[in-house]
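In: just coords:
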C-alpha cells in the first residue's frame, strides 16, 4: 500500500522535501502521519508532502516512521534522516571606531564568535 520512501540525508540549514504516497484500491480517504516528528518538520496529512529545514543545532540521525491509513488499514515504513553538521563561518565582532595620534601606534584587539561552538576567539 505505502510506496517505498527510503532513507534521506540533508545538511543543517538546507531544505528537505519529498512526498509519500500509497495506493488505495478499496476506496476511502487516505491520511498520512509520522512519528516521532523532528522539531520543525511538517507532514501534510492529506497530500503526504513532507518538508523540513533542520536548524544548525539539529545534526544527527532521526528515525521517523511514516504511516498511511485508509479506513482501518495501515502501512508504515521507518526511515533514517541523516542531518550533517555544517560548520558556519565565524562572525567578526565590530571593534568600533578607533582613534590614534598621527604619529602614534594604533593597536586594538579583534574578536569573533564561532556560532557552532559558541567560543569567543580573541586574535
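Out: That came through fine. None of these values were measured; they are calculated from a predicted model.
In: for the most centrally placed residue in the chain, what are its contacts?
Out: In the chain, the C-alpha nearest the mean C-alpha coordinate belongs to residue 54, at 1.0 Å (C-alpha atoms, centre = their mean). Counting by C-beta atoms under 8 Å, 6 or more residues apart in numbering, residue 54 makes contact with 10-14, 16, 38, 40, 83. Yep, even glycine has a C-beta here, placed from its N, CA and C like the rest.
In: Please tell me which one of those residues counts the most neighbours.
Out: residue 83 (22 neighbours; other C-beta atoms under 10 Å).
In: in which helix or strand would I find that one?
Out: Taking DSSP states H and E as the definition, one finds residue 83 inside strand 73-84.
In: other SSEs contacting that strand?
Out: Strand 73-84 is packed against strand 8-11, strand 60-70, with contacts defined by 3 or more C-beta pairs under 8 Å, 6 or more residues apart in numbering; DSSP states H and E.
In: In the chain, where is pLDDT below threshold?
Out: Low-confidence segments of the chain (pLDDT under 70): 117-123.
In: 90 instead?
Out: Applying pLDDT under 90 to the chain picks out residues 1, 23-29, 56-57, 71-72, 87-93, 95, 98-104, 106-123.
In: circling back to that earlier point, let's have the contacts of residue 54 in CSV, adding distance to residue 63.
Out: Compiled in CSV, those are given as follows (distance: C-beta to C-beta, whole Å):
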residue, distance to residue 63
10, 15
11, 19
12, 18
13, 22
14, 20
16, 15
38, 10
40, 17
83, 12
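In: Among the residues you listed, which one lies nearest to residue 100?
Out: residue 13 (40.3 Å; C-beta to C-beta).
In: check contacts around residue 5.
Out: Residue 5 makes contact with 18, 20, 66, 77, 79 under the criterion C-beta under 8 Å, 6+ apart.
In: if we can go back for a sec, list the neighbouring strands of the helix or strand that the strand holding residue 83 is followed by plus their orientation.
Out: Moving toward the C-terminus from strand 73-84, the next helix or strand (DSSP H and E) is strand 91-93. Strand 91-93 pairs in its sheet with strand 111-114 (antiparallel), by DSSP bridges.
In: mind giving me the domain split of this structure?
Out: Each domain of the chain is listed here as a residue range: 8-84, 87-123, per automatic domain parsing.
In: This completes my enquiry, with thanks.
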